[in-house]
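> kindly return the folded structure for what I paste below:
(one chain, ligands or ions: 3)
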Amino acid sequence: MLSVRDAEATILNSIQPLDNQQDIEFVDLLMANNRILATPVTSSLDFPHWDNSAMDGYAVRYADVQQARADKPTVLEVVEEIPAGYQPQVTIKPGQAARIFTGAMMPAGADTVVMQEKTHRQENRVFVFLAPQPQEFVRHKGNFYQAGQELLPAGIPLTAAEIAVLAAAQREQVSVFRRPRVAILSSGNELVMPEQVLKPGQIVDSNQYALATLVRELGAEVLLLGIIKDDPTTLKEIIDYAIANADIVISTGGVSVGDYDYIDKILASLGGKIHFRSVQMRPGKPLTFATFPNSLYFGLPGNPVSALVTCWRFVQPAIKKIAGLSQGWESTFLKVKSQSELQSNGKMETYIHGKLHLVNGVYQFHKNQGNDSSGNLINLAQTNALAMLPMGKTLVYPGEEVFVLQI
Ligand SMILES: Nc1nc2c(c(=O)[nH]1)N[C@H]1C(S)=C(S)[C@@H](COP(=O)(O)OP(=O)(O)OC[C@H]3O[C@@H](n4cnc5c(N)ncnc54)[C@H](O)[C@@H]3O)O[C@H]1N2
Ligand code: MOO
Ligand SMILES: [Mg+2]
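Numbering: from 1, shown residues only. Ligands and ions are numbered 1, 2, ... in the order given. Below is the predicted model:
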């Protein structure tokens with residue numbers, strides 16, 4: 001049986017990310033939130049676009065004011081007023097200054113700004129009480145960014161800061177990777193939709209809801225294929241359709257050793273390359289991963305906790321990688337103190353669902369209180385982290401440090 005680490009490596013190594021030529025679309029800037037940039041962005045503008053003032057005050061020639069002191073102020077003639085958005089008309093000559101405001105263009109001749117608080121104004125004269133540093137409070141053209149250099153690299157998610165940068169670079173639209181398409185299906189004769197009256201033996205297909213929600217949160221497009229009976233012919237037809245229409249297919253159920261567990265055989269009969277059928281992990285031991293020429297297949301276990309935990313651990317990084325992110329797709333673990341006692345049989349890498357709390361700025365992990373059977377969906381609610389006990393580790397004492405996967 002494969003270790004979790006090897007299973008993760010197998011999955012990530014078999015992923016061909018979306019193509020930066022074919023798999024792109026152009027979206028308006030305000031619709032680009034959380035999309036992934038497909039093409040590096042450059043700008044033909046310098047930032048700042050021109051020398052400008054960082055303060056409300058006076059634009060001066062440094063040479064004029066370098067001797068200024070509180071008891072011996074320098075007096076300058078104010079020859080122009082320059083608000084932001086105005087192009088200065090006058091060149092500042094020795095003995096002169098311009099009234100200037102934050103963000104306004106520096107006038108020719110001036111090289112330094114004296115902040116208002118260090119001056120006193122009397123009609124067209126300004127008294128400067130303190131010698132500034134040379135070039136103080138001037139934001140120089142091109143100091144933040146020079147035209148033609150890379151402004152944003154491809155493969156990054158677009159959030160508020162990047163979208164502001166794109167707006168400043170006058171991009172109305174941006175080229176992003178299309179959303180990966182993820183097909184989701186649930187297999188099982190016992191499954192019904194939430195609105196149906198339950199007959200004996202039936203349960204609601206909650207996995208479909210869990211997975212669709214998680215996949216959408218990850219920015220992918222969901223193709224919901226619904227509930228499929230444990231009938232090999234129907235299952236094969238639907239899976240064939242799914243692999244032809246999605247980048248990733250996720251099914252739940254039917255991957256263990258029961259008489260109605262058909263998924264692996266169907267994948268093989270459709271020509272899929274089955275990389276593994278189980279992982280040394282609890283929950284989630286029965287887990288099938290297969291590849292087809294244009295899609296990946298995750299056969300997740302049916303138990304609701306196992307389905308979500310394996311999706312967090314394996315499908316989440318796969319979606320991030322396929323989506324075009326240039327880095328940061330792997331699962332990341334934080335080392336935190338566990339407040340609960342955590343147990344494992346030591347034979348499998350064990351994932352225990354719970355919550356990370358911030359206490360005085362430090363994270364603590366608390367195991368969820370209820371029964372932690374992999375069939376108990378109810379105890380999953382409000383989970384935001386999974387504590388991981390490596391193989392061989394049977395007990396974590398309260399107060400002991402543990403690695404936690406933040407989800
Ligand atoms: N003899 C063995 N039996 C089982 C083993 C084993 O190693 N040997 N492994 C157990 C483990 S661990 C798991 S996990 C499950 C995996 O089973 P399957 O993936 O084949 O899933 P099913 O048999 O179809 O269902 C299992 C369980 O989950 C419920 N389920 C299924 N689909 C959904 C859904 N969409 N929404 C909510 N709940 C669902 C289903 O009713 C079953 O209770 O196998 C163990 N058995
Ligand atoms: O591993 Mo199963 O996935 O424990 O219930
Ligand atoms: Mg089964």
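
> just give me the neighbour total for the closest residue to S44 other than its chain neighbours.
With C-beta to C-beta, 6 or more residues apart in numbering as the criterion, S44 has its nearest non-adjacent residue at 5.3 Å, and that residue is A147. For the C-beta atoms, the positions are set from N, CA and C on the backbone; glycine is no exception. Neighbour count of A147, defined by other C-beta atoms under 10 Å: 13.

> so where do the strands sit in the stretch 201-350 of the chain?
Counting by DSSP state E, counting those that start in this stretch, one finds strands in the stretch 201-350 of the chain at the ranges 203-204, 221-228, 248-252, 273-278, 281-282, 286-292, 295-300, 333-338, 342-343, 349-359.

> most packed of those strands?
strand 248-252 (a mean of 28; mean count of other C-beta atoms under 10 Å).

> what about that strand, near ligand 3?
No: on the criterion C-beta under 5 Å from the ion, strand 248-252 is out of touch with ligand 3, staying 10.3 Å away.

> show me what that strand is packed against.
strand 181-187, helix 206-217, helix 232-245, strand 295-300, helix 316-322 (3 or more C-beta pairs under 8 Å, 6 or more residues apart in numbering; DSSP states H and E).

> next, count neighbours for S331.
17.

> M106 reaches A54, doesn't it?
No: using C-beta atoms under 8 Å, M106 is not in contact with A54; the gap is 10.4 Å.

> neighbour-wise, which of the two wins?
M106 (24 against 14).

> run through the residues that contact the more buried one.
By C-beta atoms under 8 Å, 6 or more residues apart in numbering, the residues touching M106 are W50, D51, N52, S53, A59, P88, I100, V113, V138.

> okay, and which of those residues map to strands?
Using DSSP state E, the subset of the contacts of M106 located in strands is N52, S53, A59, I100, V113, V138.

> right, and the helices and strands packed on strand 248-252 - which one's nearest ligand 3?
Across these, ligand 3 has its closest neighbour in strand 181-187 (9.1 Å, C-beta to the ion).

> which neighbours does the following helix or strand past that closest one have in its sheet, and in what orientation?
Sequence order places strand 191-192 as the next helix or strand after strand 181-187, per DSSP states H and E. The sheet places strand 191-192 alongside strand 203-204 (parallel), with pairing taken from DSSP bridges.

> assign the residue nearest to S44 to helix, strand or coil.
coil (DSSP: H, G, I helix; E, B strand; the rest coil).

> tell me who's in contact with it.
T42, S43, S44, L45, D46.

> what would those look like in JSON lines with secondary structure, neighbour count and pLDDT?
Output for the contacts of A147, formatted as JSON lines (DSSP: H, G, I helix; E, B strand; the rest coil; neighbours: other C-beta atoms under 10 Å; pLDDT from 0 to 100):
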{"residue": "T42", "secondary structure": "strand", "neighbour count": "14", "pLDDT": "97"}
{"residue": "S43", "secondary structure": "coil", "neighbour count": "20", "pLDDT": "97"}
{"residue": "S44", "secondary structure": "coil", "neighbour count": "8", "pLDDT": "96"}
{"residue": "L45", "secondary structure": "coil", "neighbour count": "16", "pLDDT": "96"}
{"residue": "D46", "secondary structure": "coil", "neighbour count": "17", "pLDDT": "97"}
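
> residue numbers of the chain in contact with ligand 3?
S256, G258, D261.

> Throw the residues you listed into a markdown table and include pLDDT, neighbour count and distance to ligand 2, thanks.
Output for the residues of the chain next to ligand 3, formatted as a markdown table (pLDDT from 0 to 100; neighbours: other C-beta atoms under 10 Å; distance: C-beta to the nearest ligand atom, whole Å):
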| residue | pLDDT | neighbour count | distance to ligand 2 |
| --- | --- | --- | --- |
| S256 | 85 | 17 | 8 |
| G258 | 82 | 12 | 13 |
| D261 | 85 | 19 | 13 |
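
> return the member of these nearest to G302.
S256 (7.9 Å; C-beta to C-beta).

> quick check on that closest one: phi, psi?
Note on S256: backbone dihedrals following degrees, to the nearest 10 are phi -90, psi -150.

> per-residue confidence at the closest residue to it other than its chain neighbours?
With C-beta to C-beta, 6+ apart as the criterion, S256 has its nearest non-adjacent residue at 4.4 Å, and that residue is P286. pLDDT for P286: 95.

> P286 touches N303, doesn't it?
No: contact criterion C-beta under 8 Å: P286 and N303 do not qualify, at 9.2 Å.

> OK, now which residue of the stretch 101-250 of the chain is nearest to ligand 3?
Ranked by C-beta to the ion, the top residue of the stretch 101-250 of the chain for proximity to ligand 3 is G188, at 8.2 Å.

> OK, contacts around that residue?
D205, I227, K229, D230, G253, G254, G302.
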